[in-house]
Each structure stands twice: as C-alpha cells, then as structure tokens.
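In: next come a sequence and a model predicted from it.
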Amino acid sequence: MINQIFPKITSKFDYFEKQTIVSYVNAYNYLQLRKDSKIVQSIDRFTLDGIYLLVLIKILFFKNFKRLSPDFSSYFNDLFLLADKNKKSVFFLGATTQEVKDFVTIINKKFPNLIVSGFHNGFFDTNEMGQLSQKISDTNPDVVFIGLGSLKQEVFSVYLKDNGFKGTIYTCGAFLSQTANHGVNYYPKFINTFHLRWAYRLIQEKGLFKRYFFEYPNATIIIILDFIKSKV
C-alpha cells in the first residue's frame, strides 16, 4: 500500500485540473486508506497533512515535501483566493446541515466572487449516493469539496468521478465544520509557526486523545513495516 500512496504525494499541482481527485494523507488516515487499495488507485493526488508524517517520510525516503493541509492555514487559502478571482463554481459536502450553512455564509463573505452552486450535509446512507452524485453533477460545479472523514470521503469522491463528474474533487476532513464553528482562522499563527496544530486540536476537539497517543504510534509502526516490506 505504501507504494500506491507515497508516489502520488505532491507539493505542487494544478488546482483546477479536470477529472482529478486530490486527497490527503496523515499518519491517522493512512490506516484507513490502506484498507482499500482500489480506492487508493483511483485517487490522483495526495498532499501531506501534518508535520509528523512529513518528518517520517523524510527519514524513510529521503524526500522533502511541504505540508499541504486541507484548510485555510495551508494551501486552501491560495486555492480559494484563485477560485474567487476566476469566479469558479463550487459545491460543499460535509458537516451537519447547520454547519455547512454557516460555512457557506462565511465563504460568501470572504470570497464574494465565488459561485456556490450547492451544498449538502455529510449524513447520508450508501443507497443515497446515486441521488447525491446526480445532484452535484446537475449543478455542474468546477470544484467539489468533500469533508466526510476517511474513508467515506474518498469512497464518495471516486464514486462521483466514476459517475461522470468532470471537475476537480478535494477531500477535506473536518474543514467545513472547523470553519463553521471557529471561522477561517481556526489555528492561531503561532500554532502553525511552531507546528503545534496537533496540540491545539487536542484542546479544541473531543475524542482526539486516542488518535494522537494510541493510533499515531500504531500507524508509525505499520508505516515502517509497510516500508520494509516494499523493499524486500
């Protein structure tokens, strides 16, 4: 699996490349992604989300990448500015109904030239995927942002593309709900400067203790073992 994901990691790409899925990988969701090789094969680009995995890759592969996280503290700021400048149309999928509405309100104020073609909450069943995919395609956005958490967001992204969507798809985890609840500046500047995003999220969000102190170490071991197997 490591040879399927890591070669697709990039720090520079066309933000509006057609029929392209851009996802992200961090130590936590690597465990989720490795469960489905077919889905991973269908993802076109991965960005590195988090300093932890960035350092690990540098140690294992002797490669340097930039941290490109799916939020406004990272490359999403440039992406949204460019989309606003070029009057791109966008669709947002994820969070609760109220959160995604609040998110759109915030986005409309900050990026007034951006065309929001539609939005939908992230709570839907597998049997609703066809209807939701058609809804998105009917609005014909240039870009779709899908924040459902791994692996659900990657599965739906591939489903959307396979069913004829021609635009660009970004998976974005908790980006919609974080922005809706905390505004565009979720992370204070010094938090980003000193790479303390993990500590800040640990304070701000419930349920992350297990992820950081149990699942991350477990992921590290699995990534190293996968790396060793790939070299045998």
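Out: Sure thing, it's come through. Residues are numbered from 1 along each chain as shown.

In: mind listing residues that contact the helix ranked longest in the chain?
Out: Longest helix of the chain, by residue count under DSSP state H: helix 216-231. For helix 216-231, contacts defined as Cβ atoms under 8 Å, 6 or more residues apart in numbering pick out 1, 2, 3, 27, 28, 30, 31, 34, 52, 53, 56, 60. Using the backbone N, CA and C atoms, a C-beta is placed for each residue, glycine as well.

In: tell me where this structure has strands.
Out: Assigned by DSSP state E, the chain shows strands spanning 20-25, 45-48, 89-94, 115-120, 143-147, 168-171.

In: turn those strands into a markdown table, including mean pLDDT, mean neighbour count and distance to residue 214.
Out: Formatted as a markdown table, these follow (pLDDT from 0 to 100; neighbours: other Cβ atoms under 10 Å; distance: least, Cβ to Cβ, whole Å):
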| stretch | mean pLDDT | mean neighbour count | distance to residue 214 |
| --- | --- | --- | --- |
| strand 20-25 | 97 | 24 | 19 |
| strand 45-48 | 96 | 22 | 22 |
| strand 89-94 | 98 | 25 | 26 |
| strand 115-120 | 98 | 18 | 33 |
| strand 143-147 | 98 | 25 | 24 |
| strand 168-171 | 98 | 26 | 24 |
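
In: okay, the longest helix of the chain in PDB with CA atoms only?
Out: Below are the C-alpha coordinates for helix 216-231, written out as PDB (Å, rounded to 0.1, in the frame of the first residue of the first chain):
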ATOM      1  CA  TYR A 216      -0.500   7.500  15.700                       C
ATOM      2  CA  PRO A 217       2.200   5.300  17.300                       C
ATOM      3  CA  ASN A 218       0.400   2.300  15.900                       C
ATOM      4  CA  ALA A 219       0.400   4.000  12.500                       C
ATOM      5  CA  THR A 220       4.100   4.700  12.700                       C
ATOM      6  CA  ILE A 221       4.800   1.000  13.300                       C
ATOM      7  CA  ILE A 222       2.600   0.000  10.400                       C
ATOM      8  CA  ILE A 223       4.100   2.600   8.000                       C
ATOM      9  CA  ILE A 224       7.600   1.400   8.900                       C
ATOM     10  CA  LEU A 225       6.700  -2.300   8.400                       C
ATOM     11  CA  ASP A 226       5.000  -1.400   5.100                       C
ATOM     12  CA  PHE A 227       8.200   0.400   4.000                       C
ATOM     13  CA  ILE A 228      10.300  -2.600   4.900                       C
ATOM     14  CA  LYS A 229       8.000  -5.000   3.000                       C
ATOM     15  CA  SER A 230       8.200  -2.700   0.000                       C
ATOM     16  CA  LYS A 231      12.000  -3.100   0.000                       C
END
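
In: mind listing what's buried in that helix?
Out: Neighbour counts using 16 or more other Cβ atoms under 10 Å place 216, 219, 222, 223, 226, 227 of helix 216-231 among the buried residues.

In: pLDDT check: weakest of those?
Out: Of all those, residue 216 carries the smallest pLDDT score, 76.
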